[in-house]
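Visitor: Here's a sequence, model it:
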Amino acid sequence: MVSKPKLLVIEDDPNIITLLRINFEIRGFDVHGCEKSTQALANSLIELPDVVILDLLMPEETGWDVLEKLKSNPVTKDIPVIICSVVVGEAEKERATSMGAASYITKPFELQELFEAVQRATGLKKAPGSPG
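Guide: Here you go, the predicted structure:
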């Protein structure tokens with residue numbers, strides 16, 4: 001049996017985690033959510049996801065802090081990180097790219113845009129179990 005690709009959503013809004021869990025599980029992903037930025041690195045080390053979706057505006061530590069920790073840890077440095085945030089601006093997108101983020105999606109987001117970013121980041125032509 002082929003294992004499902006793992007997606008870790010680091011997001012303080014439980015409704016967004018639920019939305020992404022439902023929509024990505026339908027497409028064959030194993031989705032885990034993390035509402036606290038301080039637990040993000042530990043969860044990444046436990047889950048070893050194929051891709052991370054990360055919000056920048058988090059309580060405790062910012063998404064920038066999380067991104068820096070993920071990219072500086074030898075175990076998690078190669079995991080693609082997709083920023084999904086209300087923070088808009090070319091400077092932020094450039095900063096995210098320079099820190100190693102695979103993509104930058106602004107909220108409110110279109111699910112299709114997020115699916116495509118995940119596909120690009122993971123190299124999947126289409127997710128297992130996805131429609132079509």
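
Visitor: separation between the spatially most central residue of the chain and Arg95?
Guide: Centroid-nearest residue in the chain: Ile53, 1.2 Å away (criterion: C-alpha atoms, centre = their mean). Distance, Ile53 to Arg95, by C-beta to C-beta, to the nearest Å: 18 Å. Using the backbone N, CA and C atoms, a C-beta is placed for each residue, glycine as well.

Visitor: can you check Ile105 too?
Guide: 15 Å.

Visitor: Lowest-scoring secondary structure element of this structure by mean pLDDT?
Guide: helix 40-47 (a mean of 90; mean pLDDT, DSSP states H and E).

Visitor: counting contacts, what elements does it pack onto?
Guide: For helix 40-47, the packing partners by 3 or more C-beta pairs under 8 Å, 6 or more residues apart in numbering; DSSP states H and E come out as strand 6-10, strand 30-34, helix 63-72.
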